[in-house]
Every structure is written in C-alpha cells, then in structure tokens.
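J.: I'd like to go over a predicted model; first the sequence, then the structure.
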Amino acid sequence: MPELLSAPLVVEFPFTRSLGPVQSAFLTGLRERTLLGVRTTDGKVLVPPVEYDPVTADELRDLVEVAPTGTVTTWAWNPTPRRDQPLDTPFAWVLVKLDGADTALLHALDAPDADSVHTGQRVRVRWSEERTGAITDIACFEPYEGETGEVTPHEGRFTDMVTGIVAPARLDYTYSPGRAQTRYINALADQKTVGERCPSCRKVYVPPRGACPTCGVATTDQVEVGPAGTVTTYCIVNIKARNLDIEVPYVYAHIALDGAGLALHGRIGGIPYDEVRMGLRVEPVWTEGGRYPDHYRPTGEPDAAYDTYKELI
Amino acid sequence: MAPVRDVAIVAFAQSDHLRRTDEVSEVEMVMPVLHQVLSRTGLKTSDIDFTCSGSSDYLAGRAFSFTMALDGVGAWPPISESHVEMDGAWALYEAWVKILTGEADTALVYSYGKSSPGQVRDVLTRQLDPYYLAPLWPDSVALAALQAQALIDAGDTDEPALAGIAARSRTSASDNPHAQLRGARAQGDYQVRPLRTGDCPPVGDGAAAVILAAGDRARELCARPAWIRGMDHRIEAHSLGVRDLTDSPSTRLAAERAGAFDRPVDTAELHAPFTSQEVVLRKALKLDDTVAVNPSGGALAANPVMAAGLIRLGEAAARIHDGTSHRALAHATSGPCLQQNLVAVLEGEAQ
Ligand SMILES: [Zn+2]
C-alpha cells in the first residue's frame, strides 16, 4: 500500500476557570507576594489551600499567612526541562513545606545540579517579576540559609481580587488515520471516491473507517462509488463559521453516492440555496490541485425517486 | 463487599503492545482483540448483554474518540453500552456491578490506548489540578520520581533495589509474547532522578478485552472461570503534598473491602508503571516473596495507557484459567503517584 498518511495535529484550549473564595485569596495573595494557607478544623494548615478538608470534607475558610521560606520534603532532578515547565535550565521538582504549613506545595527549585539538592533543604520563594494571580507568580524556589518564618492570621482580602484564571493548554500530536482512511484520502486525491464493503452484510461504507458497525468486522473490499449521487436530506446554513470562506446561506447535505450503502455529507453549490431538494442528483467538484471535493453541484439529471434513496436518509 | 451473585472473567485477549501503530486507526487496532476474546467463548456480539469500554480522548487528541472504536463491536442494531474515560479496569468494575444487579448475565469489557500520536508525559499533566499543578506541567515521570525519592529517603528502597524490580519484571516478560519490552535491559540514564529509563514504563499502543459472565453461564463458557470474589476501588486526595507518597492507603482499603486479606493469594498482577510504585503496592498489600508478582512482566514491560490496568485483571484471570493460580489479586491504578486504586480478588473453583 502507499505510504501512510500523517499530519501534525495541535490541540489548544484556554480554559477559563472561576475561583472559589479560598483559591481566589491564595492566587490574589501570590500576586501581592503573600502566601496564604487555610486552617483545618483540627488545626492543620494546608498550603496550597483548598475549600474542603481532604480528610473530613469540612468546609474550610480560615485563612492564615505562612512564610515564603520552607523545607524540601521530597525532590526529583529534572535534567531535561520540557516545554512550559517553570525553568528552561535543569532544575529540581520539589515538594516544599512552607514554614507554618503542614502540607507541601509542588514547584521547581533552581539549583546548579542534583548534588546540591536534598530532602530537608531550606528554600525560599523567588517571585516572578510580573504577577497576575496564578501559581506561576512563584517563579521557582531557591536555596536559602536564613531564619524560619512564622504563621500569622490573615483576612484573605486584597483590593482587586483575582476571581478567575485562564489556563492555556497545548498538546501536539501526529495524527495517522489508519489503513482504511488512508486508502480513502489517497483515492480522493486522484478524484475517486472509494468506499469499503463489509464482507458480511455487503454494505458499502463511505468514508470507510475500517469496520462495519453492524457486523463488527473489518471492511476489506474496496469499491469505487459515485461519482454522482443523490441528496437524501439537507439543511440551510445561515451562520458564517470562523475561518471558513463560504458565503451564507449555503446548503449542507447528506449525499448518497451511487453504489454507497450510506450517505456522506458535503456542501451543495452551483444552484440557489432555496432550490436544493431531496432527490437532487449531484456530482463532486474538485478545485485545481484540491485533494478532496470542494463541493457537489447538480448533474442536470432528473431527480431520483424517493424509494431509491429512502433507506439511506 | 460480598458479591450477591457469582461473576467470573471467562476470557481475556490482548494485542501485541508496540511502540507505534501508525498503520491502524483505533478501531482497526481494537477489532482483532474483540474477535479473539469472543471466539474464546464462542459468543457473538448479539449474545453480549452489556458492553463497557475505557479510553481517553486526550491520548487521541480528539473528542469522543471512543465512539469510533465502538464500530468494532458491532453497535448496530443498538446495544446496551457504556464508556469510562478511565482505564478499562474501571469499565470492568461497571460491568461487574451491572451483572451483580441482575441486569446482564454477560458483559464485554475492552479498553485501548494509543500513546504514540502524542507525548504521553505532557498529555497526563492535563489530569492534574488545573489551578495549582497543571500550569507547571509536571510530567508523569517527574511526579513518580518525587514519590521514588520519598521512598528512598524513608529507607523503603534504593536505586539497586529499583533496578532489581525492573530486571525481574522484564525477565518475566520474556515469556509474554504480547509485551513490548521482553528481557532484562540496561537501566540507562536518569529520566528524572532518581528514576532511570529502566524504572519507567515503555510508551506504546495496545488494547485488551475480557468477557464476564454470571453463574452457570460462566461455567458453560469457560472450563475454569476466574471468579471475582471481591472488587473495590478507592481514591486519595488530589493534592500530592497532602498525601504520604510512601504509602497507599487507598490500595489497602480497596484490598480490605475486596477480601484480599482474608486468605493469602498466590499471584498478584500489580499496575505499577514505575518500579518505585511496586514498592508502595507490595507494602500496602502486604505481599511477601511467596507471591508471584507480575509474572506477565507488568506495566514495566507493556503500558498501553487506559488498557494496562484491565490487562492486570486479564493476566490474573488467565492464570486461573490455565490452573497456574488458585487465588490471584489484580490491581489497577490511575492518576499521579497511585492516586486511584482498584483491587480485585479472583479465584478458581476448588478442584
Ligand atoms: Zn456488515
């Protein structure tokens, strides 16, 4: 078979999240170089703070300020930082119990090498120059040989509280469509539409995905379908999609290509949108150098009788 | 929890786990495994009362990717079906409950994961707390390394002992034709210290499937069913800094509720993708050297994300099916540093 297709696939999503009263205070505090924890009913101080006790599920609202200094409770040396991690030079991941806290915060420790890091090590916060109310307002920790800080009560109120965060995420993939879809896409580039027949129920799937959902077996026989087909149903699109250069209104239709066992979908052109109808006979239109049909246009044949396509709607 | 109805794993199948499977889509990868597990029982899709699957859209990078894989089971005409965005071990739990309630007598459970299209270390950061952790992108190896260092500091293990776990696992996998890494290998460089390449699981693609059946139906379908004597799953606090990383109280509790401590087991399939996690699990489950731990090679030999936990249940069951084991423990995990844990106890009928 021809070479496997693959293409980069980037998934990016900026999650907008609201903060509850405790997280709002904590992240606003970071912006103001103030570290807040929350006191549990049994007197422990949790940093980073949460709204509900992880042991008792009690609601927690009693904020306290802890020191920007602390002790490493465990660590791991990261010789090759990955994209978006806190430092781009080798660093240690650390859990740090801040002075006054009973639980540990995860962050990065800027240190010259693994031999200069150890459990029990004293560290302090290095603040980011630009702070927005996010965990990244702590740039990292750095080694510190100084006094132990204390815990003091704190109202948790600041002017201009941060009430939400935008958490951007980006993941990079290389998408490979697999055998069946590779065959389909390669055939389209040659201006052929190739479906695959189920060896059991004989239905021809287009586009094929490699399996018959009725029989649960691989579709293996390749069958050229079309090029013409019948509009089995359609809708009129009145909203312009972003990054899509098509004038509205236009028609999006289900099209049963001749010989196919189910309808695929495509845009109908070459006819006023309000003249498209069920039963309309259409054929694909490839643009210059296009690897897939740009749209389908009327063939000029008489409309197909309802009985010939009603099973495919 | 004592089951109200006898339910057994009656068949298990898995793919060969490979570093890459670019030539097949997810459904093309899963389908042969589904056919194998069905043929082991002689069942057809239409004979299955309930189907449940486990997978993750984040591995595929596409929404609702499991609906495509569903083509492989023959989902038309409509079947009774469910999906968990988790390891297939939790899909098996759901199917078990479905059978216990009497709503089904047979169930097909499958799961799959293709890690090769993306960077699984980065992908797994998206399961972390989005406020305090995810923005720092601490990857799965880094988090496991923090746990490993905590164990070393506590005197529970050291680097040579971890290397021993790696070697033992991959030597065991020599007999497992499906495993990705077969045979001991060099420990390699530090990935994130103290974990070396050898302490980490291989990244790869794979799928697994099991069939569950109740009572006499199970006896018809399998000469020696692997009866599920108990199963339970528990979870710990999300925040790593709240937990004692050297212990796994959730595993211990799940094992207790599953009846694991009532009588000794002879085999344990532990879902420990990192060598250091086996140390934690052995302690939580009170396993000594009389128990064969991960005779399949475990997740250190093949770790198709979302299927590796289900494979532990399948491997444990397969050893009961062939008479090698009489009472086996199977464990599955999910989340950073063993956050969520499932334990099942499987037994063969007395001869
Ligand atoms: Zn079919």
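T.: All right, it came through fine. These numbers come from a predicted model, not from an experiment. Numbers count the residues shown, from 1 in each chain, chains lettered A, B, ... in the order given.
J.: Where do the helices of chain B begin and end?
T.: When secondary structure is read from DSSP state H, chain B shows helices at B:26-41, B:57-60, B:65-69, B:88-100, B:120-123, B:140-153, B:159-172, B:215-221, B:249-258, B:275-285, B:308-321.
J.: An error on my part: the question was meant for chain A.
T.: Counting by DSSP H, chain A has helices at residues A:21-31, A:178-189, A:306-309.
J.: Determine which stretch of these is the most buried.
T.: Comparing the helices of chain A by mean neighbour count (mean count of other C-beta atoms under 10 Å in any protein chain shown), helix A:21-31 comes out on top with a mean of 22. Glycine gets a C-beta too; all of them are placed from N, C-alpha and C.
J.: chain center to that one: distance?
T.: 26 Å (C-alpha atoms, centre = their mean, to the nearest Å).
J.: By mean pLDDT, show me the worst of the helices of chain A.
T.: Confidence, taken as mean pLDDT, is least for helix A:178-189 of the helices of chain A (a mean of 91).
J.: Determine the angle, from 0 to 180 degrees, between that one and helix B:26-41.
T.: Computed by axes from the mean of the first three to the mean of the last three C-alpha atoms, to 10 degrees, the angle separating helix A:178-189 from helix B:26-41 equals 140 degrees.
J.: Mind listing residues that contact helix A:178-189?
T.: Helix A:178-189 is contacted from outside by A:1-2, A:4-5, A:176-177, A:193-196, A:206-210, A:219, A:222, A:224, A:291-293, B:23-28, using C-beta atoms under 8 Å, 6 or more residues apart in numbering or on different chains.
J.: Any of those buried? List them.
T.: Applying a neighbour-count criterion of 16 or more other C-beta atoms under 10 Å in any protein chain shown, the buried members of these are A:5, A:176-177, A:193-196, A:206-210, A:219, A:293, B:24-28.
J.: Determine which residue lies closest to the centroid of chain B.
T.: Computing the C-alpha centroid of chain B and ranking residues by C-alpha atoms, centre = their mean puts residue B:309 first, at 0.7 Å.
J.: quick one, what contacts that one?
T.: Under the criterion of C-beta under 8 Å, 6+ apart, the contact list for residue B:309 reads B:87, B:88, B:89, B:90, B:111, B:271, B:331, B:332, B:333, B:334, B:342.
J.: State whether the third one and residue B:342 are indeed in contact, as I suppose.
T.: It refers to residue B:89. Yes. Checked against C-beta atoms under 8 Å, the pair residue B:89 and residue B:342 is within contact range at 5.1 Å.
J.: which neighbours do these two share?
T.: B:309, B:332.
J.: Looking only at neighbour counts, state which of these two leads.
T.: Each of residue B:89 and residue B:342 has its neighbours counted (other C-beta atoms under 10 Å in any protein chain shown); residue B:89 has more, 35 against 29.
J.: Could you check which residue of the stretch 1-150 of chain B lies nearest the ion?
T.: At 7.9 Å from the ion, residue B:74 is the closest residue in the stretch 1-150 of chain B, using C-beta to the ion.
J.: Contact partners for the residue nearest to residue B:114 when sequence neighbours are not counted?
T.: By the measure of C-beta to C-beta, 6 or more residues apart in numbering or on different chains, the closest residue to residue B:114 outside its immediate chain neighbours is residue B:205, 4.3 Å from it. Contacts for residue B:205 were tallied using C-beta under 8 Å, 6+ apart; they are B:15, B:17-21, B:29, B:112-116, B:304.
J.: can you pull up the bridge partners for residue B:205?
T.: Here residue B:205 sits in beta bridges with residue B:18, residue B:114, as judged by DSSP bridges.
J.: so how far is residue A:243 from it?
T.: The spacing between residue B:205 and residue A:243, counted by C-beta to C-beta, to the nearest Å, is 32 Å.
J.: Residue A:65 and residue A:151 touch, don't they?
T.: Yes. In this structure residue A:65 lies within contact range of residue A:151 using C-beta under 8 Å: 6.7 Å.
J.: what is in contact with the two at once?
T.: Once C-beta under 8 Å, 6+ apart is applied, the residues that residue A:65 and residue A:151 both contact turn out to be A:37, A:100.
J.: Scan the helices and strands of the chain for the one with the lowest mean pLDDT.
T.: No chain specified, so I'll use chain A. For chain A, the helix or strand with the lowest mean confidence is strand A:152-153, at a mean of 82 (criterion: mean pLDDT, DSSP states H and E).
J.: Oops, wrong one, chain B.
T.: Least confident element among the helices and strands of chain B, by mean pLDDT, DSSP H and E: helix B:65-69 (a mean of 88).
J.: neighbouring contacts of that one?
T.: Identification of contacts with helix B:65-69 by C-beta under 8 Å, 6+ apart yields A:209, B:25, B:26, B:27, B:30, B:53, B:55, B:57, B:83, B:112.
J.: repeat that for 6 Å
T.: Under the contact criterion C-beta atoms under 6 Å, 6 or more residues apart in numbering or on different chains, helix B:65-69 has outside partners B:26, B:27, B:30, B:53, B:55, B:57, B:83.
J.: all strands of the stretch 151-300 of chain A, in order?
T.: Assigned by DSSP state E, counting those that start in this stretch, the stretch 151-300 of chain A shows strands spanning A:152-153, A:164-175, A:193-197, A:204-205, A:221-225, A:229-237, A:250-257, A:264-268, A:281-285, A:295-298.
J.: Give me the neighbour count for whichever residue of the stretch 201-350 of chain B sits closest to the ion.
T.: As assessed by C-beta to the ion, the ion sits closest to residue B:209 within the stretch 201-350 of chain B, at 19.9 Å. Residues within reach of residue B:209, counting by other C-beta under 10 Å, total 32.
J.: need the contact list for residue A:91.
T.: Neighbours of residue A:91 in contact, by C-beta under 6 Å, 6+ apart: A:78, A:108, A:110.
J.: hang on, isn't residue B:124 packed against residue B:140?
T.: Yes. Here residue B:124 lies in contact with residue B:140, judged by C-beta atoms under 6 Å, at a distance of 4.3 Å.
J.: re the thing from before, quick one: the least confident helix or strand of chain A to chain centroid distance?
T.: Taking C-alpha atoms, centre = their mean, one finds the center of strand A:152-153 at 40 Å from the center of the full chain.
J.: Listing partners with orientation, what would you give for it?
T.: According to DSSP bridges, strand A:152-153 forms sheet pairs with strand A:62-66 (antiparallel).
J.: roughly how far out does the strand it pairs with sit from the chain middle?
T.: On the basis of C-alpha atoms, centre = their mean, the separation between the geometric centre of strand A:62-66 and that of its chain is 35 Å.
J.: Residue A:231 touches residue A:254, doesn't it?
T.: No. In this structure residue A:231 lies outside contact range of residue A:254 using C-beta under 6 Å: 7.1 Å.
J.: out of the two, which sits in the more crowded spot?
T.: More crowded of residue A:231 and residue A:254, by other C-beta under 10 Å: residue A:231, with 25 against 20.
J.: and residue A:165, bridged to which residues?
T.: With DSSP bridges applied, the residues forming beta bridges to residue A:165 are residue A:17.
J.: burial count for it?
T.: Residue A:165 has 21 nearby residues by other C-beta under 10 Å.
J.: That one and residue A:17 touch, don't they?
T.: Yes. With contacts defined as C-beta under 6 Å, residue A:165 counts as touching residue A:17 at a distance of 5.4 Å.
J.: Leaving out chain neighbours, which residue sits closest to residue B:263?
T.: For residue B:263, the spatially nearest residue (C-beta to C-beta, 6+ apart) is residue B:327, at 6.5 Å.
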